[in-house]
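Novice: Okay, predicted coordinates and the sequence, questions at the end:
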Amino acid sequence: MTSRGTIDVARPVTLALDAMSGDRGAAVVVDAAESMLRRHGNVRLILVGNGDELRDLVSSQNGRLEIRHADEVVQMNESPADALRRKKNSSMRIAVNLVKDGAAAACVSAGNTGALMATSKFVLKTVTGIDRPAIMAEIPARNGSVHLLDVGANAMCSAHQLYQFAVMGSIVTSKLKGVAKPRVGLLNIGTEDSKGNDVVREAAEMLENSGLNYVGFVEGNTIFDHAADVVVTDGFTGNVALKTMEGTASLIAQFLRETFSDGWIARLQGAIALPALQRLRARVDPRAYNGASLVGLNGIVVKSHGGADAIAFEHALETALLEVQDNLPAEINRWLQDEAA
């Protein structure tokens, strides 16, 4: 099911799902939840949202599926500050609160990214030694995948914050992907030491003197070459890079559809090439990489893409399970304490 690490749910795990957020509605979340319960006998899920609507969508009674009513929903266009101040009874806020209270081991939401980050940071706080949490996304690359962070939480970052992102990205990649010493690179406009702004060059110096497997600067055109396992940048640049990748993939898919529908010969060629095209689609299917981690928090929160379907949302749930299994906040805290000592 997942392109990530091996999931072995040896003990009961509870996940809180913000069921009302996202572009496709609660039906997607319910479908993903029921599929997850069929596949993992030790998983328990709490669906947070409009109780009446959720009860109508749930197909059968399951003692491991609980519905927790929420009166409010954070809208996609709502400002993070308003969501934090005025939507204390929203499905998003209640789901995050369940993590803080220990009723759930992780929260998964497809809602407003800014509101989810602001709410999670306010409720859960950051790991000691981490200035700001970051959003980390997994993207396909040659011979595996690459973790890119930050992809939208922090538009401007200091060199020390980029260093912290590198630490967190290295730990998460090591745990989720089983890479012993993940290669860490800094996204830059060139690979020469003189390239980039002062912040990037200062961060590079810090990483060179760290215990991380730092491999130097990485350019945008080599991310897919798997030049590093972890690519670090500020949230503004990372978000632009990620959205550009998504747009490029969509454009190529459209070109392929147009090419193989232009006349009967092209359609015949498309039919012949269909098995290869299906393998390509499976390899780069964005649903298989859905689930961005909000790293650096005292708790596990995973952001699903707002337009995710049930398959994609289930992958976000898989990501949350993996992070619970590996206890990532504790691992990040342990690494920082060892470094301070």
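Specialist: Yes, it's here.

Novice: Flag the helix or strand of the chain with the lowest per-element mean pLDDT.
Specialist: Lowest mean confidence among the helices and strands of the chain (mean pLDDT, DSSP states H and E): helix 264-284, at a mean of 69.

Novice: so the most centrally placed residue in the chain bridges to which residues?
Specialist: Taking C-alpha atoms, centre = their mean as the criterion, residue 292 is the residue nearest the geometric centre of the chain, at 0.6 Å. As for beta bridges, residue 292 partners with residue 303 under DSSP bridges.

Novice: need the contact list for it.
Specialist: 135, 136, 137, 138, 151, 302, 303, 304 (C-beta atoms under 8 Å, 6 or more residues apart in numbering). Backbone N, C-alpha and C define where each C-beta goes, glycine included.

Novice: Which of those lies at the shortest distance from residue 43?
Specialist: residue 302 (14.3 Å; C-beta to C-beta).

Novice: so where do the helices sit in this protein?
Specialist: For the chain, the helices defined by DSSP state H occupy 26-39, 51-57, 80-86, 91-100, 113-124, 159-177, 198-208, 235-259, 264-284, 310-326, 328-340.

Novice: Show residues contacting the last one.
Specialist: Residues outside helix 328-340 that contact it (C-beta under 8 Å, 6+ apart) are 127-130, 167-168, 171-172, 175, 211, 293, 295-300.

Novice: what about the residue nearest to residue 164 when sequence neighbours are not counted, neighbour count?
Specialist: Nearest residue to residue 164 in three dimensions, chain neighbours excluded: residue 130, at 5.5 Å (C-beta to C-beta, 6 or more residues apart in numbering). Residue 130: 22 surrounding residues under other C-beta atoms under 10 Å.

Novice: List the contacts of residue 130.
Specialist: Residues in contact with residue 130 (C-beta under 8 Å, 6+ apart) are 164, 168, 296, 332, 336.

Novice: Please tell me the pLDDT value assigned to the last one.
Specialist: You'll see residue 336 listed with a pLDDT of 76.

Novice: For it, the count of nearby residues, please.
Specialist: By the criterion of other C-beta under 10 Å, residue 336 has 18 neighbours.

Novice: same deal with the second one?
Specialist: Summarising burial for residue 168: neighbours were counted as other C-beta under 10 Å, giving 29.

Novice: Report the spatially nearest residue to it, omitting neighbours in sequence.
Specialist: The shortest distance from residue 168 to any non-neighbouring residue, by C-beta to C-beta, 6+ apart, is to residue 295 (4.5 Å).

Novice: So the one you found versus residue 136, what's the distance?
Specialist: Going from residue 295 to residue 136 by C-beta to C-beta, to the nearest Å gives 5 Å.

Novice: Quickly list what's touching both of those two.
Specialist: Common contacts of residue 295 and residue 136, defined by C-beta under 8 Å, 6+ apart, comprise 149, 168, 169, 172.

Novice: Show me the contact partners of stretch 50-64.
Specialist: Stretch 50-64 has contacts (C-beta under 8 Å, 6+ apart) with 19-20, 26-27, 30, 34, 37, 43-45, 47, 65, 67-70, 73, 91.

Novice: picking up where we left off before, report pLDDT for the residue nearest to residue 164.
Specialist: Residue 130 is given a pLDDT of 88.

Novice: Quick check: phi and psi at it.
Specialist: Taking degrees, to the nearest 10, you get phi -110, psi 120 for the backbone angles of residue 130.

Novice: Please apply the same query to residue 110.
Specialist: Phi and psi for residue 110, reported as degrees, to the nearest 10, are phi -110, psi 20.

Novice: can I assume it is in contact with residue 305?
Specialist: Yes. Counting by C-beta atoms under 8 Å, residue 110 does reach residue 305; the two are 6.6 Å apart.

Novice: Who has more neighbours out of the two?
Specialist: Taking neighbours as other C-beta under 10 Å, residue 110 and residue 305 compare with residue 110 leading, 31 against 22.

Novice: For the more buried one, which non-adjacent residue is closest in space?
Specialist: residue 22 (3.2 Å).

Novice: Kindly report the same for residue 65.
Specialist: residue 45 (5.4 Å).

Novice: if I pick that neighbour, what's in contact with it?
Specialist: Residue 45 is in contact with 14, 15, 16, 17, 33, 36, 37, 64, 65, 66, counting by C-beta under 8 Å, 6+ apart.

Novice: For those residues, pick the one with the most neighbours.
Specialist: With neighbours defined as other C-beta under 10 Å, the most crowded of these is residue 17; it has 34 neighbours.
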